[in-house]
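K.L.:
coordinates for the following, if possible.
(one chain, ligands or ions: 2)
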Amino acid sequence: MEKKHQLYEGKAKRVYETEDPALVIVSYKDDATAFDGEKKGTIRGKGAVNNRMSNFLMQMLAEQGIATHYVKELSDRDTVVKKVDIVPLEVIVRNISAGSFARRYGVEEGIEFGQPTFEFSYKNDELHDPLINTSHALALGLAGEDEVREIREAALKVNDILREFFAGCGVRLVDFKLEFGRLPDGSIVLADEISPDTCRFWDAATGEKLDKDRFRRDLGDVEEAYQEMMRRVFGEE
Ligand code: ADP
Ligand code: UDP
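P.N.:
Ligands and ions are numbered 1, 2, ... in the order given. The predicted structure follows:
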């Protein structure tokens, strides 16, 4: 399968048509952005880490009953996925306070919740991805009631599976963002990526951050953190 016309270039990935209209190829870049695109940089090797880790996790989730867009890894950076109509909601699940949650509610980072939290942001660059509640998402027609229910159930199940998996890698899954999409038959599947760009990972023993916060907050050793997460997930290679 080959890349044809480029459909879209995002901040972290490019999306290409293929000879099959139902499939696209996503190509992961080393480009990194933060703070709504204000901060830009490169994280060497990130594209390959995110591609391989996301594919591995999507296959693991599929085995446990989560429908995903994943089809086939082509190379270190390129993967064939089912083309979906992305639901314009960023689906965020949290186990521990951090980032915008800690800022919004004036609490410190690192508070472990009794149960996971669930929220949506409206995926809209012009509006800077504002937090949105379910009734507003329904009012705007961003998703239907059944879709919202399905997305919520899938996201919480993904959290259960990933939390346990990462615990086995010596990593605490703090929070993460998922995107879902619609296939032509209307069914909902997990899309986009699951990687150190879209999750917060803290070393279980030391609390060291092993994710994009190292880039956002200028903590140094950014490349090393991505490579370390690769080792945790795949073992020594
Ligand atoms: P952004 O658009 O935020 O800059 P990326 O650089 O990651 O993000 O671009 C990838 C784009 O591809 C995103 O807009 C994402 O919603 C979209 N996407 C992810 N998976 C699929 C898919 N299976 N089909 C179509 N589009 C997808
Ligand atoms: N996240 C993401 N893309 C976004 C916003 C958030 O992947 O556009 C992820 C982020 O990496 C973190 C989780 O979602 O794992 C929660 O992010 P938060 O709302 O705390 O935002 P931030 O601190 O980045 O402002």
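K.L.:
so where's the chain uncertain?
P.N.:
237 (pLDDT under 70).
K.L.:
so who does whichever residue of it sits closest to ligand 2 touch?
P.N.:
Nearest residue of the chain to ligand 2: residue 99, at 2.3 Å (Cβ to the nearest ligand atom). For the C-beta atoms, the positions are set from N, CA and C on the backbone; glycine is no exception. Taking Cβ atoms under 8 Å, 6 or more residues apart in numbering, we find residue 99 in contact with 109, 175, 200, 213.
K.L.:
which one of those sits closest to residue 138?
P.N.:
Taking Cβ to Cβ as the measure, residue 175 is the one of the contacts of residue 99 closest to residue 138, at 24.1 Å.
K.L.:
what about the closest one, which SS state?
P.N.:
Three-state call for residue 175 (DSSP: H, G, I helix; E, B strand; the rest coil): strand.
K.L.:
now it. Nearest residue, chain neighbours left out?
P.N.:
residue 94 (4.0 Å; Cβ to Cβ, 6 or more residues apart in numbering).
K.L.:
please look at residue 154 and residue 187 and confirm they touch.
P.N.:
No - with contacts counted by Cβ atoms under 8 Å, residue 154 stays clear of residue 187, the gap being 11.4 Å.
K.L.:
so the two - more neighbours on which side?
P.N.:
residue 154 (21 against 12; other Cβ atoms under 10 Å).
K.L.:
just the element for the more buried one, please.
P.N.:
For residue 154, the host element (DSSP states H and E) is helix 145-167.
K.L.:
may I see the buried residues of that helix?
P.N.:
For helix 145-167, burial by neighbour count (16 or more other Cβ atoms under 10 Å) applies to 147-148, 150-151, 154-155, 158-159, 161-163, 165-166.
K.L.:
and it, does that touch ligand 2?
P.N.:
No - Helix 145-167 does not reach ligand 2 (Cβ under 6 Å from any ligand atom); its nearest approach is 11.7 Å.
K.L.:
residues touching that helix, excluding its own?
P.N.:
Outside helix 145-167, the residues that reach it (Cβ under 8 Å, 6+ apart) are 57, 60-61, 64-67, 87, 89, 91, 93, 95, 116, 118, 134, 137-138, 143, 172-173, 176, 178, 180, 182, 188, 190, 194, 199, 201, 204, 232.
K.L.:
please pick the buried ones from these.
P.N.:
The buried subset of the contacts of helix 145-167 - by 16+ other Cβ under 10 Å - is 57, 60-61, 66-67, 87, 89, 91, 93, 95, 116, 134, 137, 143, 172-173, 176, 178, 180, 182, 188, 190, 194, 199, 201, 232.
K.L.:
just the ones of the residues you listed in strands?
P.N.:
89, 91, 93, 95, 116, 172-173, 176, 178, 180, 182, 188, 190, 199, 201 (DSSP state E).
K.L.:
quick one: which two of those residues are the most distant?
P.N.:
Pairwise over these, using Cβ to Cβ, the maximum falls at 172 and 182, 32.4 Å.
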